[in-house]
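for reference, the sequence and a predicted model appear below.
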Amino acid sequence: MKVGGQHYHTIWLNEDGRSVDIIDQRWLPHEFRVVTLKTVDDFARAIREMWVRGAPLIGVTAAYGVAIAMTEDPSDAGLDQTWDVLHETRPTAINLRWALDDMRTLLRSMPEAQRAEAAYKRAAAIAEEDVELNRSIGRNGLEIIREIAKRKKPGERVNILTHCNAGWLATVDYGTATAPIYLATEEGIPIHVYVDETRPRNQGAQLTAWELDGHGVPHTLIVDNAGGHLMQHGDVDMVIVGTDRTTANGDVCNKIGTYLKALAAKDNNVPFYVALPSPTIDWTVKDGVKEIPIEERSGDEVTFVQGRGMDGAIMTVRLSPEGSPAANPAFDVTPARLITGLITERGVSEATPEALRTMFPERALP
Ligand SMILES: CSC[C@H]1O[C@H](OP(=O)(O)O)[C@H](O)[C@@H]1O
């Protein structure tokens, strides 16, 4: 997407054909920093410390991490070691394991001398596929926004609530939950987005707000706990969020707080949609609450917050007493029963095993 009039992806191969640049999202919205990843450990750190984040982008980053590893040690042992190092970075987004498995399966069947070139080619293809998937999700989600817009009075906006950042910063480009929002804006449909700040990492306040501001999308930043109140008062026409792993039954794992938004939406008859690129479906899992590993991040992310001081410097401050430990589960699972629809690249699916099997017959497990 455009940043200051210049088009960017979130990740790209450098002209040396080996190193990879990323937007280091830890400093947004205050600073736009690009960093170069040159070793497998650089890639692992970037994922683990959330320099890059978002399920699709984590997968693409890992794919390039495998590619650079093949320039260092293209042996089977090197490939397995790289798989292990990158896989242990973050446990919840299925795209990480999907991308690592995709790369290892491809490369294992090849002579070592051909692995590096093939790996970069495949990583680039996965990145390009992500952009196309998101464009399709955008088109399919746009239909929903169009239908809601038809029911609005002249001059009224379609009010959309989103949680965390499932924007172009969570993918290579376009985003998943934001793709329909961008297309609706381009089409001239009057929309407005309520952006959950999304404690504790504040992906909404720092990333989604920055994205929407940069693209002229009307939006209002709200605290995470305001969404239910807004829905009770008819101020939200639809909710659209992303996902880090969706089960074969349609349960959706996403950033912590998503489940509570879905409960409020159900209670107020507000349609709750999930933008779901098919690589984020884990066909091996049925019950999301019981089976999806939920990342437990450092309590410091809860007890400290980063921002820009009055002097313009970026700083981190403590929020709570030193004697108060914090728990920090990074995701939760929204049961399929609370979901109106899954907006995939092939269309909008009900959140049921039958509907997902029908939409992706070649992927569903017997
Ligand atoms: C398009 S997937 C985005 C998804 O990833 C985010 O998690 P994190 O920022 O911790 O990687 C969040 O769950 C988003 O919905």
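Sure thing, it's come through.

around the ligand, pick out the residues from this structure.
Within the chain, the positions lying close to the ligand (C-beta under 6 Å from any ligand atom) are 53-56, 164, 166, 170-171, 176, 203, 241-242, 244, 254-255, 330. The way it works is simple: take the backbone N, C-alpha and C, and place the C-beta from them, glycine included.

from those residues, which land in helices?
Among these, the residues falling in helices (DSSP state H) are 55-56, 203.

between those, which is nearest the ligand?
Here the nearest of those to the ligand, counting by C-beta to the nearest ligand atom, is Ala55; it sits at 3.9 Å.

quick one, what contacts the closest one?
Neighbouring residues of Ala55 by C-beta atoms under 8 Å, 6 or more residues apart in numbering: 93-96, 170, 242-245, 280.

check what pLDDT it gets.
Ala55 carries a pLDDT score of 97 in this model.

cool, and Gly188?
Confidence score, pLDDT, at Gly188: 96.

okay, it and Leu142: tell me how far apart.
In this view, Gly188 and Leu142 are 12 Å apart by C-beta to C-beta, to the nearest Å.

now Ile314
On the measure of C-beta to C-beta, Ile314 and Leu142 end up 36 Å apart.

out of the two, which sits in the more crowded spot?
Taking neighbours as other C-beta atoms under 10 Å, Ile314 and Leu142 compare with Leu142 leading, 20 against 12.

confirm for me that that one is in contact with Glu187.
Yes. Under the criterion of C-beta atoms under 8 Å, Leu142 makes contact with Glu187 at 7.1 Å.

please, where are all the helices along the stretch 1-150 of the chain?
40-48, 55-72, 76-87, 94-108, 112-150 (DSSP state H, counting those that start in this stretch).

could you export those as JSON lines, including distance to Leu365?
Formatted as JSON lines, those follow (distance: least, C-beta to C-beta, whole Å):
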{"stretch": "helix 40-48", "distance to Leu365": "27"}
{"stretch": "helix 55-72", "distance to Leu365": "20"}
{"stretch": "helix 76-87", "distance to Leu365": "21"}
{"stretch": "helix 94-108", "distance to Leu365": "14"}
{"stretch": "helix 112-150", "distance to Leu365": "21"}
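
contacts for stretch 186-193?
By C-beta under 8 Å, 6+ apart, the list of residues contacting stretch 186-193 reads 142, 145-146, 149, 152, 155-162, 181, 184-185, 208, 212, 217-220.

helix, strand or coil for Lys152?
Here Lys152 is coil, with the state taken from DSSP: H, G, I helix; E, B strand; the rest coil.

dump the residue contacts of it.
Counted by C-beta under 8 Å, 6+ apart, Lys152 has contacts 158, 190, 237.

and Asn95, by the same measure?
55-56, 58-59, 244, 279-280.

ok, of these, which one's closest to the ligand?
Of the contacts of Asn95, the one sitting nearest to the ligand (C-beta to the nearest ligand atom) turns out to be Ala55, at 3.9 Å.

next one: that closest one from Asp332, what distance?
For Ala55 relative to Asp332 (C-beta to C-beta), the value is 15 Å.

likewise for Ala179?
For Ala179, the distance to Asp332 - C-beta to C-beta - is 23 Å.

OK, contacts around the most centrally placed residue in the chain?
Central residue of the chain (C-alpha atoms, centre = their mean): Gly54, 3.2 Å from the mean position. The contact partners of Gly54, by C-beta under 8 Å, 6+ apart, come to 93, 165-166, 169-171, 242.

how about the nearest residue to Gly204, chain neighbours excluded?
Thr198 (3.9 Å; C-beta to C-beta, 6 or more residues apart in numbering).

hmm, that neighbour is touching Asp224, no?
Yes. Counting by C-beta under 8 Å, Asp224 is a contact partner of Thr198 at 6.3 Å.

overlap in contacts of the two?
163, 257.

okay, Leu365: pLDDT?
Leu365 is given a pLDDT of 82.

helices or strands up against the helix or strand of the chain with the lowest mean pLDDT?
Lowest on mean pLDDT, DSSP states H and E among the helices and strands of the chain sits strand 2-3, with a mean of 84. Here strand 2-3 touches no other helix or strand, going by 3 or more C-beta pairs under 8 Å, 6 or more residues apart in numbering; DSSP states H and E.

quick one: contacts of it?
So strand 2-3 is contacted by 8, 32, 214-215 (C-beta under 8 Å, 6+ apart).

and the two most separated of those residues?
Phe32 and His215 (14.9 Å; C-beta to C-beta).

neighbour count winner among those two?
His215 (17 against 14).

so what's the more buried one up against?
Contacts of His215 by C-beta under 8 Å, 6+ apart are 1-2, 182, 185.

ok so, going back, out of the contacts of stretch 186-193, which end up buried?
Buried subset of these (neighbour count, 16 or more other C-beta atoms under 10 Å): 142, 145, 149, 158-162, 181, 184-185, 208, 212, 217, 219.

most widely separated two among those residues?
Across these (C-beta to C-beta), the longest gap, 21.2 Å, separates Ala149 and Thr208.

chain center to stretch 301-311: distance?
23 Å (C-alpha atoms, centre = their mean, to the nearest Å).

grab the nearest non-local neighbour of Ala177.
Nearest to Ala177 is Ala166, by C-beta to C-beta, 6+ apart, at 3.6 Å.
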